[in-house]
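Engineer: got a sequence here, can you build the structure:
(one chain, ligands or ions: 3)
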Amino acid sequence: MLSVTEALSHILSHSHPLPAETVPLTRAVGRILREDIQADRDFPPFDRVTMDGIAIRYEAFASGQRTFPIAGTQFAGQPLFSLTSANECLEVMTGAVLPDGTDTVIRYEDLTTENGMATITIEEISVGQNVHRQATDRQAGEVLLTTGTRLRPTEIAVLASVGKPTVAVSARPRVALISTGDELVGVDEMPLPHQIRGSNTYMLQAALLTLGIETSLNHLPDDQEKMTRGLSSILAENDLLILSGGVSAGMADFVPAVMMALGVRERFHKIAQRPGKPLWFGTTDTGKVVFGLPGNPVSTTMCLFRYLLPFLNASMKGQPESTRYATLAEQVLFKPALTYFLPVRLTSQPDGSQLAYPLPGSGSGDYANLIDANGFMELPADQSEFAAGEVYPVLLFGEI
Ligand SMILES: Nc1nc2c(c(=O)[nH]1)N[C@H]1C(S)=C(S)[C@@H](COP(=O)(O)OP(=O)(O)OC[C@H]3O[C@@H](n4cnc5c(N)ncnc54)[C@H](O)[C@@H]3O)O[C@H]1N2
Ligand code: MOO
Ligand SMILES: [Mg+2]
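Structural biologist: Ligands and ions are numbered 1, 2, ... in the order given. Model prediction:
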């Protein structure tokens, strides 16, 4: 059986880079940038006042002057004023350009004003205080964001600042999510005693939406013929199919056979892991990709984080995410020669480390257990005892 890393490299070898497209900035969050972004101006573009108060020439203060006639006011958004007399001051507001002829700002809390005069009431000031100097953060022409960056709200702010009403990002794959199983009913239906409401495709849809990927929700029954017909048209209209269920050893687990009948070549079936062992992966000659995720909800979730998200990231030419690690809080024993994805509750410690408390739950059907967990810890297959204090990689639910 394939190991986790072998399976992932198979999967990544079948990711085809998607083309770039231009989208409005207002729709770009979560998408992968496909152009380098330069600073069009210095950051900040002018000497920026950072406190409401008065601007003076430091020399005047250093020579003993404490009371300054107020010669005017420089508001934010007004063109540059000049202080004509070195012994006067200008009132200045946060966000304003520092007036020409001044170099230091004293906040209102440190002065009094009366009859058009400002008197500084503190003894210690430093030259240049309360001024955010032009170009101290970034210089015009500097590359701020590189292609492959996933656009978070903080990057959206940078794009707005440099004047990008539209931005080049990776096109999104056409993705169909397909639940299978006669026991499943819709979210708006009342299940009979032997039925359940399907949840996996909703979980997958939510995960992909955070990457800006829209998906269609589909359902097919455990009927080989109906499944073949349904999947044939879904395959024709999509680049990526993500199925849930129907991939293990049951008499109604038709997904691998149906896929092969539709010309999807099996690249692998089964990985030495728990949960998620029966993962099925296939591709067509035309470059379409099919993930047959195991139906048990914890397996589906684990396969999303370990395989599907890296695949999508590679297809959209995103910069690889760095591996996260945490420290196991308690001893764990796991005998089978399988990589064990253990649900854990991560807590930050005062020393800055992350402790992972095991939440094994009652198996891969126990998705309520994931409410308390905030990630999976990946425990290697060649070990059966995992001691408290050992450090292992973690997949964090909050990272998407
Ligand atoms: N004889 C064997 N039986 C099983 C094996 C095996 O190796 N030999 N593997 C087990 C493992 S491990 C897993 S994981 C499951 C995988 O099952 P399938 O992918 O075939 O999925 P189903 O049989 O259709 O369903 C399994 C389970 O998941 C529930 N399910 C399915 N879809 C959804 C959905 N959209 N939302 C919520 N829950 C869903 C379904 O009701 C079942 O309870 O097989 C083991 N069996
Ligand atoms: O490997 Mo399965 O995913 O235990 O239920
Ligand atoms: Mg099954």
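
Engineer: which residues of the stretch 101-250 of the chain fall in strands?
Structural biologist: Ranges of strands in the stretch 101-250 of the chain, per DSSP state E, counting those that start in this stretch, are 104-107, 111-114, 117-120, 131-132, 143-145, 166-170, 175-180, 184-185, 196-197, 215-220, 240-244.

Engineer: same list (these) but as CSV, adding distance to residue 381, mean neighbour count and mean pLDDT.
Structural biologist: C-beta coordinates here come from the backbone N, C-alpha and C atoms, glycine included. As requested, these are arranged in CSV below (distance: least, CB to CB, whole Å; neighbours: other CB atoms under 10 Å; pLDDT from 0 to 100):
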stretch, distance to residue 381, mean neighbour count, mean pLDDT
strand 104-107, 61, 22, 98
strand 111-114, 69, 14, 98
strand 117-120, 70, 17, 98
strand 131-132, 53, 18, 98
strand 143-145, 39, 16, 98
strand 166-170, 34, 21, 98
strand 175-180, 29, 24, 98
strand 184-185, 32, 20, 98
strand 196-197, 31, 12, 98
strand 215-220, 32, 18, 98
strand 240-244, 25, 26, 98
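
Engineer: could you dump those to JSON lines with distance to ligand 3?
Structural biologist: Listed next are the strands of the stretch 101-250 of the chain as JSON lines, based on distance: least, CB to the ion, whole Å:
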{"stretch": "strand 104-107", "distance to ligand 3": "68"}
{"stretch": "strand 111-114", "distance to ligand 3": "76"}
{"stretch": "strand 117-120", "distance to ligand 3": "78"}
{"stretch": "strand 131-132", "distance to ligand 3": "61"}
{"stretch": "strand 143-145", "distance to ligand 3": "45"}
{"stretch": "strand 166-170", "distance to ligand 3": "34"}
{"stretch": "strand 175-180", "distance to ligand 3": "9"}
{"stretch": "strand 184-185", "distance to ligand 3": "12"}
{"stretch": "strand 196-197", "distance to ligand 3": "14"}
{"stretch": "strand 215-220", "distance to ligand 3": "14"}
{"stretch": "strand 240-244", "distance to ligand 3": "11"}
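
Engineer: right, so of those strands, which gets closest to ligand 2?
Structural biologist: Minimum separation from ligand 2 across these (CB to the nearest ligand atom) falls at strand 240-244, 11.6 Å.

Engineer: what sits against the nearest residue to residue 45 once chain neighbours are set aside?
Structural biologist: Closest residue in space to residue 45, ignoring its immediate chain neighbours: residue 134 at 6.6 Å, by CB to CB, 6 or more residues apart in numbering. Contacts for residue 134 (CB atoms under 8 Å, 6 or more residues apart in numbering) come out as 42, 44, 45, 46, 47, 48.

Engineer: check contacts around the nearest residue to residue 241 once chain neighbours are set aside.
Structural biologist: In space, and not counting its chain neighbours, residue 241 is closest to residue 290: 4.5 Å by CB to CB, 6+ apart. Residue 290 makes contacts with 235, 240, 241, 242, 243, 259, 264, 280, 281, 282, 283, 284, as judged by CB under 8 Å, 6+ apart.
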